[in-house]
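J.: A predicted structure for the sequence below; I have some questions about it.
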Amino acid sequence: MNLDTERIDDAVLALLLLGLHDGQRAWKSFDWDAMGRLHEKGLISDPVGKAKSVAFTDEGLQRAEALLQSLFGKAG
């Protein structure tokens, strides 16, 4: 199956926001390839390591908030 990884990355970034804790940290429970791409784009900290969470960059947090609303928000 040919998948649009840009759209997958947008959805993962938005859903990471649901696990937000301790300021800008989020639980890293998503596909490793997508997490790696988000790190390469400068939206999250490096997901490789012992920590069970990643940190959003300022840009990543703003983009995640916008994507969560646009992808999953209800009107009204």
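T.: Structure's in. What do you need?
J.: relative to Gly76, how far out is the most centrally placed residue in the chain?
T.: When the chain is reduced to its mean C-alpha position, the closest residue under Cα atoms, centre = their mean turns out to be Leu13, at 2.2 Å. Between Leu13 and Gly76 the computed distance is 25 Å (Cβ to Cβ, to the nearest Å). Where C-beta positions appear, they are placed from N, C-alpha and C, glycine not excepted.
J.: repeat that for His39.
T.: For His39, the distance to Gly76 equals 36 Å [Cβ to Cβ].
J.: which residues are in contact with the residue nearest to the centre of the chain?
T.: The contact partners of Leu13, taken as Cβ atoms under 8 Å, 6 or more residues apart in numbering, are Leu38, Leu43, Ile44, Gly60, Arg63, Ala64, Leu67.
J.: Ala14 now?
T.: Ala64, Leu67, Leu68, Leu71, Phe72.
J.: follow-up on the earlier one: okay, His39 and Gly76: which has more neighbours?
T.: Counted by other Cβ atoms under 10 Å, His39 and Gly76 do not tie: His39 has more neighbours, with 17 against 3.
J.: separate out the buried members of the contacts of Ala14.
T.: Buried residues within the contacts of Ala14, counting neighbours by 16 or more other Cβ atoms under 10 Å: Ala64, Leu67, Leu68.
J.: any weak-confidence spans in the chain?
T.: Across the chain, nothing is flagged by pLDDT under 70.
J.: which pair in the contacts of Ala14 has the greatest spatial separation?
T.: Spatial extent of the contacts of Ala14 (Cβ to Cβ) is set by the pair Ala64 and Phe72 at 11.4 Å.
J.: okay, how far is it across stretch 26-37, tip to tip?
T.: One end of stretch 26-37 sits 16 Å from the other (Cα to Cα, to the nearest Å).
J.: beta partners for the closest residue to Leu16 other than its chain neighbours?
T.: Using Cβ to Cβ, 6 or more residues apart in numbering and skipping the chain neighbours, the partner closest in space to Leu16 is Ala26 (4.3 Å). On the basis of DSSP bridges, Ala26 is bridged to Leu20, Val54.
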